[in-house]
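Chemist: coordinates only, sequence not included:
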DNA sequence: TACTGATCATCAGTATACGTCAATTCGAAC
DNA sequence: GTTCGAATTGACGTATACTGATGATCAGTA
């Protein structure tokens, strides 16, 4: 039996745990109240106005049911609007409000700072190599997070909607 | 604004998300019902019989309030026992049951398999380099989260204060 | 004995994450 | 026009994770 620091799964959990804490600290420091997931969603909605929730989930690799709560909280803060689509009344059309735009601009430097803190233990060359390997590792097993889901539904990230 | 691919925080979340899914798949395949966190806790209790919950939390870098629920579920499955310590009536002494030992043995190959799957996109040299950088990055920012890594003081997990 | 501060476990509240199921709606076949 | 399969969303249950608060206990002190 290996030690915990030999287990990529454990290290992944630990790194992500710290990443969330660092994000919270940096974002709070600039007076914003956004979680990492809420930031990702807000950014995606900004880049894809009128997106529906399923497509949004695919874009940032979230579970479909998780998006409901995330969007709910963003809407409650007045950062996005969620309206029934005219073309497809099942779908909810998501748009960023002016308040959402301001919040996104305001939080941006904090997000950048958080990413730098996370890699502060590595030299620039090491950081680059680390991200490269991380992307490579993810790429090889991407789609595994859907392994237990019914196969009929589309893959994460591509819905060409 | 960077793309998600350039954000270590996002990549960390994605990698961890996949790690959990792969773990679940492999563990289910051998007929076990353990989450990654439950496995870590069970292994730590096996290695430190009589450990209390706070020390356990420090060993595997969990939040102290999370441990309550994790141990609760392990106890409900009959894999560990939780009794009030004779020396310190605030503390709960944790021990693995024979059933817990059997479950741990049975799940071990699945856990190993999951770790291999996670790194399947990397060559052995790359995998080693990746884990090295991951450990280094974590080491530099460890302590930023509420759940800090704290090595056990005594061999059996006694913390004397 | 009583007070004080620290420690251990737990609970309430919030948020992420996933699976299952139900309700609604859409598109297409009948 | 109604029925049927598919798709979108939401509700509910379970698990992890952290903040803040509380109760119980321990150790030290007056």
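Modeler: Received, thanks. Predicted model, so just to flag it, every value in this text is computed and none were measured.

Chemist: contacting residues for the residue lying closest to residue A:52 once chain neighbours are set aside?
Modeler: Nearest residue to residue A:52 in three dimensions, chain neighbours excluded: residue A:91, at 4.2 Å (C-beta to C-beta, 6 or more residues apart in numbering or on different chains). Bear in mind the C-beta positions are built from the backbone N, C-alpha and C, glycine included. By C-beta atoms under 8 Å, 6 or more residues apart in numbering or on different chains, the residues touching residue A:91 are A:52, A:53, A:54, A:84, A:85.

Chemist: Next: residue A:7.
Modeler: Residue A:7 neighbours (C-beta under 8 Å, 6+ apart): B:111, B:115.

Chemist: picking up where we left off before, angles on the backbone of the residue nearest to residue A:52, please.
Modeler: Dihedral pair for residue A:91: phi -90, psi 150, per degrees, to the nearest 10.

Chemist: Pull the number of nearby residues for residue A:108.
Modeler: Here the count is done by other C-beta atoms under 10 Å in any protein chain shown, and residue A:108 has 16 residues near it.

Chemist: Ramachandran coordinates for residue A:84?
Modeler: Torsion angles, degrees, to the nearest 10, at residue A:84: phi -60, psi 130.

Chemist: surely it meets residue A:52?
Modeler: No - in this structure, residue A:84 is not within contact of residue A:52 by C-beta atoms under 8 Å, at 10.5 Å.

Chemist: Need the overlap of contacts for these two.
Modeler: A:91, A:92, A:93.

Chemist: follow-up on the earlier one: can you go through the contacts of residue A:91 and name the buried ones?
Modeler: A:52, A:53, A:54 (16 or more other C-beta atoms under 10 Å in any protein chain shown).

Chemist: Tell me where chain A has strands.
Modeler: With DSSP state E as the criterion, chain A has strands at A:80-84, A:92-96.

Chemist: near DNA strand D at all, the last one?
Modeler: The one in question is strand A:92-96. Yes - Strand A:92-96 reaches DNA strand D (C-beta under 7 Å from any atom of the strand) through residue A:92.

Chemist: burial of the closest residue to residue A:129 other than its chain neighbours, as a residue count?
Modeler: Excluding its sequence neighbours, the residue lying closest to residue A:129 (C-beta to C-beta, 6+ apart) is residue B:133, at 6.6 Å. For residue B:133, the tally of surrounding residues (other C-beta under 10 Å) stands at 21.

Chemist: And residue A:35, by the same measure?
Modeler: With other C-beta under 10 Å as criterion, residue A:35 counts 14.

Chemist: check contacts around it.
Modeler: Applying C-beta under 8 Å, 6+ apart to residue A:35 gives the contacts A:20, A:23, A:24.

Chemist: mind checking pLDDT for the residue nearest in space to the middle of chain A?
Modeler: Among the residues of chain A, the one closest to the centroid is residue A:40, at 3.9 Å (C-alpha atoms, centre = their mean). At residue A:40, the model reports a pLDDT of 93.

Chemist: Measure how buried residue A:82 is and give me the count.
Modeler: Neighbours of residue A:82 under the rule other C-beta under 10 Å: 16.

Chemist: Please name the residues that touch it.
Modeler: A:71, A:75, A:92, A:93, A:94.

Chemist: For the closest residue to the third one other than its chain neighbours, give the beta-bridge partners.
Modeler: Leaving aside its sequence neighbours, residue A:92 sits nearest to residue A:82 (C-beta to C-beta, 6+ apart; 4.8 Å). According to DSSP bridges, the residues that bridge with residue A:82 are residue A:94.

Chemist: Tell me where chain A has helices.
Modeler: Listed in chain order, the helices of chain A (DSSP state H) span A:8-29, A:36-47, A:53-59, A:64-76, A:98-118, A:124-141.

Chemist: need the ones you listed in JSON lines with distance to residue B:6, can you?
Modeler: Below are the helices of chain A laid out as JSON lines (distance: least, C-beta to C-beta, whole Å):
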{"stretch": "helix A:8-29", "distance to residue B:6": "14"}
{"stretch": "helix A:36-47", "distance to residue B:6": "13"}
{"stretch": "helix A:53-59", "distance to residue B:6": "15"}
{"stretch": "helix A:64-76", "distance to residue B:6": "22"}
{"stretch": "helix A:98-118", "distance to residue B:6": "8"}
{"stretch": "helix A:124-141", "distance to residue B:6": "7"}
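
Chemist: Thank you, goodbye.
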